[in-house]
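Q: Let's see this in three dimensions:
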Amino acid sequence: MVFTMGATTIAQEIERPQPKFWYGLAGAANFNLYSGTTQVFNNDSRSQTAFHDGFGIAPFGAIQLEYTPKPVWGIMLNLGYDGRGGAFDGVIEPCNCPADLTTNLSYFVVEPSLRISPFSNGFHLFVGGAFNYNYNKAFKFTQERQIVDPPITDATPIVAEGDFSDIRTSLFSAQVGMGYDIPLSSKENLTQVKLSPFVSYHPYFGREPRNVESWSIQTVRAGIALKIGRARATKPTITKTTPIEPVAVVATDPNADFSVKAPASIPVRRVVKESFPLRNYVFFGENSNEIPKRYVQLNSKQALEFTENTFQEAEPVNVDGRSKRQMHAYYNILNILGDRMRDNPTTSVTLIGSSAGKGAAAGKEYAESIKKYLVDVYGISATRISTEGRDMPIIPSAQPGGTIDLTMLQEGDRRVDIVSNSAILLAPLQITTVLDDPNQGKVVFTTTAQDDDKIKSWTIDVIDENNNAQHFGPYTSDQASVSANTILGGRTDGTYKVVMNAQTDKGRIIQEESTLRLVHDNVVEQTELRFSVLFDFNKSETVASYEKFLNETVAPQIMDYSTVIIHGHTDMIGDAAYNMTLSQERAADAQKILQSALTKLGKKGVKFQSSGYGDKTDVAPFGNKLPEERFYNRTVIIDIVLAK
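A: Numbering: from 1, shown residues only. Sure, this is the predicted structure:
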């Protein structure tokens, strides 16, 4: 069953992955400023008048490597080509002849730098050295003929070309600059790409290219770098632990709280019988009325063989596999609908297309595309399918005047709503799944500051009886979770000291300790029940249906001495703190309603474990890239672990 419960403001901005290693290419223009004296070019060429100042623009290109172990500092390295060419200001020779001097001076360069990000954002400063190895030392001297009256017959300029003598093979100098990183990748992608405009100054000292005379060069460089890096994924793994009693917290700072929450008992192998709600929306692309290719579309012959029973067969999956399997079921929504309408010939549907502000006509085109599929492929009579067009959905995501995350909100409003008075057409799928690594098999760490000096980042060290330590983090949100099996590492049980080290916005260091006991469950296989409640917006309109579902459908399935595990989640749109609070409130509300229902039913010995995770990507039921994933993430998931 699908219910809507909502909010007029919406979820959070997720944290962008931060790769430590970056690789890229940099290109720039060197604005070279010449000073000093140049008159003797080599043993064969010289000018009668000395050249002094000059200017030139030459290219710079490099392979760029970057290591940023911390948000505030890192190391950069450029390896490439450094052009220092230009033209000296023209002079007049004693013969009253104008003369010019140009050079293609260039180097191979190695530039190591210390990168500093004072505000822990894209803006950064860098300072470092430069080692230049000469590549090109060519010059071109041009002297015009003296202007006389009458003109001479041959007025061809005198040209001398060659290489400067006494060029230093190697130069050692310095540089200082600043830049700004502009991310190009989505916040969900572990592979991050950024575009980094930069400007740097290379002073004259150490930039005297010759051993003779006094020619020196200072340079202003302006350019851009394209860099790519990949962050390390935190992947959940198999775990089975028993609950532990609340533990005492040893605090070294009275202004901070730290807690460790162990997961409920998880068997080696869990068979989950899930009532999976069918989201009754089909989302469309911005400039097309065709059904997107991610929705499974069959031909009429394949449709004759289709049955939703294929989704009910048990098959082993891991955590990621669960989300893929459930999304595969959702992407068959048109086939499930066609199959059910074929089996129930008296039913009918209304397809309401909405265009996210592009007009009712465009919305109706979306609805007509789905109608055509059901008629042509499943042979459903057109009279059983009515279509409507709207500018915006009945329950829109985008609010009038809103601008935050507008693109994602509009993606959610560009859809077809499938509406029917027949409950059978949109009834939840009954899916049996074998889980080897359930999400709830995690140890949850929570830390909060109790004053205005908020915690900026924190890490966890888990130390076993033999003083072997495992390090996790850094984290920047208030809550983090780690698979219990990762901590156990193949052991059957373990007792651990947990040390939290944090740094506040003002630079204060906080350390707190707790203890943790983990034991593998001896149960080989256990059957569980799972229910999900999906949320839209307009919370006041849906509380009654939500409570009715929990009271009449979920509560009767909970046996005496069972364990009920409730997880609240949100999508990735909006404010992180609001998302976390919203998910926690939804989970707590579900527990309160179920506890009341169980009391009325006379059930006893039922234990609850409720948590809210906001839009945390490491425990989110689904991804956040597509609108249907975000809609499915607005959920409360209820697992019923039957008594052993």
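Q: So for G6, what's the pLDDT?
A: As predicted, G6 sits at a pLDDT of 34.
Q: now swap in T153 and tell me
A: Listed pLDDT for T153 reads 53.
Q: Off-centre distance for stretch 504-519?
A: 27 Å (C-alpha atoms, centre = their mean, to the nearest Å).
Q: ugh, wrong one, I meant stretch 328-342
A: Distance, centroid of stretch 328-342 to centroid of chain: 32 Å (C-alpha atoms, centre = their mean).
Q: repeat for stretch 474-493
A: Distance, centroid of stretch 474-493 to centroid of chain: 21 Å (C-alpha atoms, centre = their mean).
Q: now stretch 214-232
A: 26 Å.
Q: List the buried residues for it?
A: Residues 215-219, 221, 223, 225, 227-229 are the ones in stretch 214-232 that count as buried (16 or more other C-beta atoms under 10 Å). No exception for glycine: its C-beta is placed from N, CA and C like everyone else's.
Q: So which bits of stretch 622-637 are buried?
A: Using 16+ other C-beta under 10 Å as the test for burial, stretch 622-637 gives 622-624, 626-637.
Q: and that stretch, what's its mean pLDDT?
A: Stretch 622-637 comes out at a mean pLDDT of 88.
Q: same check, this time on stretch 560-569
A: Mean pLDDT, stretch 560-569: 90.
Q: Now do the contacts for the residue nearest to L105 when sequence neighbours are not counted.
A: By the measure of C-beta to C-beta, 6 or more residues apart in numbering, the closest residue to L105 outside its immediate chain neighbours is R84, 4.5 Å from it. Going by C-beta atoms under 8 Å, 6 or more residues apart in numbering, R84 touches 30, 32, 56, 58, 105-107, 209, 217, 219.
Q: Only whichever of those are buried, select them in ChimeraX.
A: Here is the ChimeraX command that selects the buried residues among those (16+ other C-beta under 10 Å):
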select :30,32,56,58,105,106,107,209,217,219
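Q: which ones are touching H328?
A: By C-beta under 8 Å, 6+ apart, the contact list for H328 reads V296.
Q: mind checking the backbone torsions on it?
A: When read as degrees, to the nearest 10, the backbone of H328 gives phi -60, psi -40.
Q: ditto for F164
A: According to degrees, to the nearest 10, F164 has phi -60, psi 140.
Q: Run a quick neighbour tally on it.
A: 22 (other C-beta atoms under 10 Å).
Q: Not counting its neighbours along the chain, what's nearest I336?
A: Using C-beta to C-beta, 6+ apart, the nearest residue to I336 is E308, at 5.1 Å.
Q: same deal with V260?
A: According to C-beta to C-beta, 6+ apart, the nearest residue to V260 is S514 (4.5 Å).
Q: same check, this time on R46
A: Going by C-beta to C-beta, 6+ apart, R46 has V40 as its nearest residue, at 4.5 Å.
Q: for that neighbour, what are its contacts?
A: For V40, the contact set (C-beta under 8 Å, 6+ apart) comprises 46, 165, 212-213.
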